[in-house]
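1. mind looking at a prediction? Sequence and model below.
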Amino acid sequence: MSIPTAEEIAQFRLQLADRPEAIVALDVIAECEGDLEEAIVLLMVQEMGIEPDRGFNDVIQKCRKVICQEEIRNDLMTGLIPVAIEPVSMSVGIPPGVATAVVLSAYKMGIKKFCAPLNS
């Protein structure tokens with residue numbers, strides 16, 4: 001999984017400045033030194049009370065189904081991160097902070113690569 005640089009995290013902060021939950025998620029990502037998987041797990045524990053060994057893969061799979069829908073996938077491929085967070089959060093039933101970290105993870109990994117398991 002790709003790790004966002006400090007500059008990228010700063011850019012994400014600008015894009016997501018009007019979303020307090022996203023800023024909290026970015027703080028956690030920064031605390032995890034950009035390790036998105038670690039940040040997702042930590043946010044899941046903090047915001048959802050889910051033990052990481054039980055819920056991580058389920059949450060990622062559910063998010064993948066939403067993120068890989070054509071409209072959201074196309075938005076993310078052009079760098080429109082904010083527009084993907086709410087649909088992921090609402091469709092999957094996860095807090096916006098967790099959705100933020102998952103969306104950023106998909107973006108950093110590359111949308112085609114992230115969506116590949118659904119295409120095989």
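-> That came through, no problem. Numbering: from 1, shown residues only.

2. list the contacts of Ile40.
-> For Ile40, the contacting residues are Phe56, Val59, Ile60, Val98, Ala101, Val102, Ser105, by CB atoms under 8 Å, 6 or more residues apart in numbering. For every residue, glycine as well, the C-beta is placed using N, CA and C.

3. surely the fifth one touches Ala25?
-> Read that as Ala101. Yes. With the criterion set as CB atoms under 8 Å, Ala101 and Ala25 qualify as a contacting pair; they are 5.0 Å apart.

4. what sits in contact with each of those two?
-> Counting by CB under 8 Å, 6+ apart, the residues touching both Ala101 and Ala25 are Ala39, Leu43.

5. next, format the contacts of Ile40 as JSON lines and append secondary structure, distance to Cys68 and neighbour count.
-> Below are the contacts of Ile40 laid out as JSON lines (DSSP: H, G, I helix; E, B strand; the rest coil; distance: CB to CB, whole Å; neighbours: other CB atoms under 10 Å):
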{"residue": "Phe56", "secondary structure": "helix", "distance to Cys68": "18", "neighbour count": "15"}
{"residue": "Val59", "secondary structure": "helix", "distance to Cys68": "15", "neighbour count": "21"}
{"residue": "Ile60", "secondary structure": "helix", "distance to Cys68": "12", "neighbour count": "18"}
{"residue": "Val98", "secondary structure": "helix", "distance to Cys68": "18", "neighbour count": "29"}
{"residue": "Ala101", "secondary structure": "helix", "distance to Cys68": "17", "neighbour count": "29"}
{"residue": "Val102", "secondary structure": "helix", "distance to Cys68": "12", "neighbour count": "30"}
{"residue": "Ser105", "secondary structure": "helix", "distance to Cys68": "13", "neighbour count": "21"}
